[in-house]
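Undergrad: Quick one: sequence and predicted model below, then my questions.
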Amino acid sequence: MARGKGDEGPHLVDRHVGRRVETRRKALGYSQSQLGAALGLTFQQIQKYEKGANRISASKLWEIAQFFKVEIGYFFDGLTAAAPGVAASDTVSLDHDYPVTRQSQEIARLAPRLSLSQQKAALAMVRELAGEQKADAQD
């Protein structure tokens, strides 16, 4: 079974699920070694899961969800469902394509404490720093 299109590397869904595992692990303060030990795996295997290099089996994903105390669906949050008649591989959308950092997690944690006008100002600043244009007019 193909992992992605051509030699592009891991499938987008595998990368997304791996990032969600990494995000949750870091949010809870676990190292790759600690998560691996809890699941009977090495830290290298956790590393491969988080990068999407190795797919996570359904049973292992269930174990990870139990360990993190989240529903299985947590790992798929942020993926866009396929429209009728359109191949799912053509519509997969990721929340981000960059590794999670402590700083990005802290920004995400603190943002809800801001007023709506402060959130808009912070978003405008982040977009400016990232060199991106406003995504839509409904912000």
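TA: The structure has been received and is ready for your questions. Numbers count the residues shown, from 1 in each chain.
Undergrad: going forward, measure contacts between C-alpha atoms and count neighbours the same way
TA: OK.
Undergrad: And the helices in the chain?
TA: Applying DSSP state H to the chain gives helices spanning 12-28, 32-39, 43-51, 58-68, 102-110, 116-130.
Undergrad: which secondary structure elements does the fourth one contact?
TA: Think helix 58-68. helix 12-28, helix 32-39 (3 or more C-alpha pairs under 8 Å, 6 or more residues apart in numbering; DSSP states H and E).
Undergrad: Sketch out the low-pLDDT regions of this structure for me.
TA: 1-8, 81-100, 134-139 (pLDDT under 70).
Undergrad: quick one: which of the helices and strands packed on helix 58-68 is nearest residue 55?
TA: helix 12-28 (6.0 Å; C-alpha to C-alpha).
Undergrad: just how off-centre is the closest one within its chain?
TA: Chain-centre distance of helix 12-28: 4 Å, with C-alpha atoms, centre = their mean, to the nearest Å.
Undergrad: buried residues in it?
TA: For helix 12-28, burial by neighbour count (16 or more other C-alpha atoms under 10 Å) applies to 12-26.
Undergrad: Can you check what angle separates that helix from helix 43-51?
TA: Put simply, helix 12-28 runs at 120 degrees to helix 43-51, going by axes from the mean of the first three to the mean of the last three C-alpha atoms, to 10 degrees.
Undergrad: now for helix 12-28, which elements pack on it?
TA: Short answer (3+ C-alpha pairs under 8 Å, 6+ apart): helix 12-28 packs on helix 43-51, helix 58-68.
Undergrad: Show me which positions of stretch 50-67 end up buried.
TA: In stretch 50-67, counting by 16+ other C-alpha under 10 Å, buried: 50-56, 61, 64-65.
Undergrad: if we can go back for a sec, can you check which of the helices of the chain gets nearest to residue 77?
TA: helix 12-28 (8.4 Å).
Undergrad: Kindly report the domain assignment for the protein.
TA: Taking automatic domain parsing as the reference, the chain has its domains at 12-100, 101-139.
Undergrad: want to try a markdown table for the helices and strands packed on helix 58-68, with distance to residue 45 as columns?
TA: Below are the helices and strands packed on helix 58-68 laid out as a markdown table (distance: least, C-alpha to C-alpha, whole Å):
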| stretch | distance to residue 45 |
| --- | --- |
| helix 12-28 | 11 |
| helix 32-39 | 8 |
